[in-house]
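> Model the following, please.
(chains A and B, ligands or ions: 1)
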Amino acid sequence: MGRLDPVFARTREEGRGALIGYLPAGFPTVDGSVELLRGMVEAGCDLVEVGVPYSDPVMDGPTIQAAADRALRSGFRLRDLFTVVEAVSSAGGQAVVMTYWNPVHRYGVDAFARDLAAAGGLGLITPDLIPDEADDWLTASEAHDLDRIFLVAPSSSEERIALTTAASSGFVYATAVMGVTGARDAVGGLAPGLVERTRAHTTLPIGVGLGVRSGEQAAEVVSFADAVIVGSAFVARAEAGVESVRELTAELAAGVRKAPSPIG
Amino acid sequence: MSGQAPQAHDPHAPGPHDPDARGHFGPYGGRFMPEALIGALDELSAEYDKARLDPEFTGEFTRLLREYAGRPSLLTEAPRFAEHAGGARVFLKREDLNHTGSHKINNVLGQALLTKRMGKRRVIAETGAGQHGVATATACALMGLDCVVYMGEVDTERQALNVARMKLLGAEVIPVKSGSRTLKDAINEALRDWVTNVDTTHYLLGTAAGGHPFPVMVRNFHKVIGAEARAQYLEQTGRLPDVVTACVGGGSNAIGIFHGFIDDADVRLVGIEPGGKGIESGEHGATLGEGSPGMLHGALSYLLQDEDGQTTEAYSISAGLDYPGVGPEHAWLKDTARAEYRSATDDEAMHAFRLLSRTEGIIPAIESAHALAGALKLGQELGPEGHILVNLSGRGDKDMDTAAKYFGFYEES
Ligand SMILES: Cc1ncc(COP(=O)(O)O)c(C=O)c1O
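Numbers count the residues shown, from 1 in each chain, chains lettered A, B, ... in the order given. Below you'll find the predicted structure:
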């Protein structure tokens, strides 16, 4: 049983895809990020991804790089992550953490898992950790009952998709394009094929991210995937304040209710 | 030459110092990389594993080293310099005499040949001092490949001459404005390009770091340095050196020369890291000396990082050593005590830089001057009986502006 299973059970019951929103912790400040993430939960995100600002985010485009940079310059410390997760969970939100691996390695994989679980976090998305290198994390996630969300990419071979889905729980993160994060005008043409290939290996829900920014794109994504993941578009809206973030959430939440989910 | 079977001492042949199948040297190395790049790394590994056993490939590589890069490079004794090194005998492995002026050309020719074997047409690279960028632009010109070089904005300023050289050679140079705007961020940007264009593009990494297979592959392309140096040392002196020393940025020139002597248990291997303004100042790039295990750019190794695992900024007067990470094999050599790592400050390196120029008529790269500074101290420790081999990884033409400022030449004129 994955910690995220109830989230997807509900969206399936409602015959729709899930909306997953990303925002870095500590952006623009620790309190500011709590307010924004709570806004996202209240306005319709089924799950939020709390990002860990990191000095060398090689999978991120300029928008998220700049946000991480700003969080770090305004003094974000790793322990603040747990404060943010706790604040989101206690407000009734469901939260996972998205993090590059070195901060976790440095903190201690088991200690990180323990503190995340204690704060109410449900799992980790790991953009630069592949299951091949994840022995410590497999152990710690079992010990602290957290979901492991690994990524698959259009360039992943069948063999790698099999290995990655077998190591995953909660859901599988499919990157819609070859490239870094950043809002795009069109959903990557490679996404439907990747989702189809991934489904052949797993019954886990599949979330699609990278580049989505509108309700229309969200509707398109959930016509073939179980969840749509939106990051840079939220970060860009954060500048304009929580109302703007809520508006985007509402638009996306309407989007995921437009198309029938393939499974629901 | 093509057609010849690999020899027992073939630098490309698999051997006991290779990492495990997933690229681990002890606990270090591996692949801490996005899944999107794993396919490309697998492809590169498979192609390299075939090529390293293919006499056609290794023969063509050796031919290019000889006929294009100018190998073997000389081994030159430096007696007047050695007078300042406790009277020990000091020999220089003259990688500065290679085409393009540093050891970097060895690795670049090897990877450019592999790029062609893989049928890719576009090459990207990062560069710090500009030496790797120049070498890459050169090989791409030679082999008709498109070339894009990422370079930190700070480095484009301190190495302006090399920017001009790359442009002349037909490469596009992209200044990187993010983060510390030095080598680390140039690698980040190159990785972002790679993840976007991986189908058509090879990332020609310039040092023995990164995700598997880069550390072992880059090392093997540089093993020629140590193999030549060992034979030359024996021929010119009838013995082996007591110490082999090299500067360590990412670690490629050091690992290349170290491997010539790695099985000679009596030969000490000493890497010299950039001590910057002094270790106490916190402004340095002494990753192995002062860092702790962590991941950067795809491998677990030593890393300069803060309590939260954020990479901290390195500092060195030398752009080629200004890097907070280091190749994973060096981490393993340190932990197993097969190699030692020390540091030389900016001032010590600049002293050695001028000293070699004035005593031997050889202007070294500031990177290599760190190894020379190390040799001055090692010579004092060893005394007149000592024998020291220094890897002179590059020449100093590119550093004239930095040197002129450091020594105040512009004010004098
Ligand atoms: C002449 C020279 N030596 C040394 C280095 C450091 O690199 P590595 O440690 O990989 O040899 C550089 C890097 O630019 C260089 O140009």
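
> what residues are up against the residue nearest to residue B:185 when sequence neighbours are not counted?
Take residue B:185 and drop its neighbours on the chain: the residue closest to it by C-beta to C-beta, 6 or more residues apart in numbering or on different chains is residue B:179, 3.9 Å away. For every residue, glycine as well, the C-beta is placed using N, CA and C. Counting by C-beta atoms under 8 Å, 6 or more residues apart in numbering or on different chains, residue B:179 touches A:55, A:56, A:69, B:185, B:188.

> State the number of residues packed around the residue in chain B positioned nearest to chain A.
Nearest residue of chain B to chain A (C-beta to the nearest C-beta) works out as residue B:309 at 3.1 Å. When neighbours are counted by other C-beta atoms under 10 Å in any protein chain shown, residue B:309 registers 24.

> So it: helix, strand or coil?
coil (DSSP: H, G, I helix; E, B strand; the rest coil).

> How about the residues of the stretch 101-250 of chain B by the ligand?
Within reach of the ligand by C-beta under 6 Å from any ligand atom, the stretch 101-250 of chain B has these residues: B:102, B:128, B:129, B:131, B:132, B:207, B:247, B:248, B:249, B:250.

> out of those, which one sits closest to residue A:3?
Taking C-beta to C-beta as the measure, residue A:3 lies nearest residue B:250 of those, at 40.2 Å.

> which SSE is residue A:169 in?
Using DSSP states H and E, residue A:169 sits in no helix or strand.

> Check which helix or strand the nearest residue to it once chain neighbours are set aside maps to.
Of all residues not flanking residue A:169 in the chain, residue A:2 sits nearest, at 4.2 Å (C-beta to C-beta, 6+ apart). For residue A:2, there is no helix or strand it lies in under DSSP H and E.

> Please report how far residue A:2 lies from residue A:205.
9 Å (C-beta to C-beta, to the nearest Å).

> okay, and the common contacts of the two?
A:170, A:171.

> Compare these two (neighbour count), which wins?
Each of residue A:2 and residue A:205 has its neighbours counted (other C-beta under 10 Å); residue A:205 has more, 23 against 20.

> rewinding a little: which residues touch the residue of chain B closest to chain A?
A:78, A:102, A:103, A:104, A:105, A:106, A:107, B:294.

> quick one, phi psi at the nearest residue in space to the fourth one that is not next to it in sequence?
What it means is residue A:104. Nearest residue to residue A:104 in three dimensions, chain neighbours excluded: residue A:112, at 4.8 Å (C-beta to C-beta, 6+ apart). Taking degrees, to the nearest 10, you get phi -60, psi -50 for the backbone angles of residue A:112.

> so residue B:188 sits right up against residue B:178, yeah?
Yes. Counting by C-beta atoms under 8 Å, residue B:188 does reach residue B:178; the two are 7.0 Å apart.

> Stretch B:393-409 vs the ligand: in contact?
Yes. For stretch B:393-409, a contact with the ligand is found by C-beta under 6 Å from any ligand atom, at B:393, B:394.

> after the helix or strand containing residue B:293 comes which helix or strand?
Using DSSP H and E, residue B:293 maps to strand B:292-296. Following strand B:292-296 in sequence order, the next helix or strand is strand B:299-303 (DSSP H and E).

> now for that next one, which elements pack on it?
When contacts are defined as 3 or more C-beta pairs under 8 Å, 6 or more residues apart in numbering or on different chains; DSSP states H and E, strand B:299-303 sits against strand B:28-29, helix B:287-290, strand B:292-296, helix B:328-335.

> So which of these is nearest the ligand?
helix B:328-335 (9.0 Å; C-beta to the nearest ligand atom).

> quick one: buried residues of the next helix or strand after the closest one?
Using DSSP H and E, the helix or strand that follows helix B:328-335 in sequence is strand B:339-345. For strand B:339-345, the neighbour count (16 or more other C-beta atoms under 10 Å in any protein chain shown) marks B:339, B:340, B:341, B:342, B:343, B:344, B:345 as buried.

> ok, how many other residues are close to residue 67?
All of this refers to chain A. If we define neighbours as other C-beta under 10 Å, then residue A:67 has 27 of them.

> My question was about chain B, not that one.
Residue B:67 has 9 nearby residues by other C-beta under 10 Å.

> ditto for residue A:92
9.

> ok, now which ones touch it?
If you count contacts by C-beta under 8 Å, 6+ apart, residue A:92 has them with residue A:41.

> does the residue of the stretch 101-250 of chain A at minimum distance from the ligand belong to a helix or a strand, and which?
Nearest to the ligand, among the residues of the stretch 101-250 of chain A, is residue A:102, at 21.2 Å (C-beta to the nearest ligand atom). Per DSSP H and E, residue A:102 falls inside helix A:101-107.

> Need the nearest residue in space to residue A:156, chain neighbours excluded.
Counting by C-beta to C-beta, 6+ apart, the residue nearest residue A:156 is residue B:35, at 5.9 Å.

> Equivalent analysis for residue B:180, please.
The shortest distance from residue B:180 to any non-neighbouring residue, by C-beta to C-beta, 6+ apart, is to residue B:313 (4.6 Å).

> Quick check, central residue of the chain?
Chain wasn't specified; assuming chain A. The centre of chain A sits closest to residue A:49, judged by C-alpha atoms, centre = their mean, with a distance of 4.2 Å.

> Please refer instead to chain B.
Short answer for chain B (C-alpha atoms, centre = their mean): residue B:252, at 3.2 Å.

> give me every residue that touches it.
B:103, B:104, B:107, B:206, B:207, B:208, B:218, B:219, B:222, B:327.

> Buried among the residues you listed? Make that a ChimeraX selection.
In ChimeraX, this line selects whichever of the contacts of residue B:252 come out buried by 16+ other C-beta under 10 Å:
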select /B:103,104,107,206,207,208,218,219,222,327
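
> Provide the backbone phi and psi angles at residue A:93.
phi -80, psi 160.

> whoops, residue B:206 was the one
Phi and psi for residue B:206, reported as degrees, to the nearest 10, are phi -100, psi 0.

> For it, give me the pLDDT.
We have a pLDDT of 97 for residue B:206.

> And it, how far from residue A:128?
The separation that residue B:206 has from residue A:128, given C-beta to C-beta, amounts to 21 Å.

> swap in residue B:171?
When residue B:171 is compared with residue A:128 (using C-beta to C-beta), they lie 28 Å apart.

> Then residue B:255?
For residue B:255, the distance to residue A:128 equals 24 Å [C-beta to C-beta].

> Tell me the spacing between the closest residue to residue A:96 other than its chain neighbours and chain B.
With C-beta to C-beta, 6+ apart as the criterion, residue A:96 has its nearest non-adjacent residue at 4.5 Å, and that residue is residue A:123. For residue A:123, the distance to chain B equals 17 Å [C-beta to the nearest C-beta, to the nearest Å].
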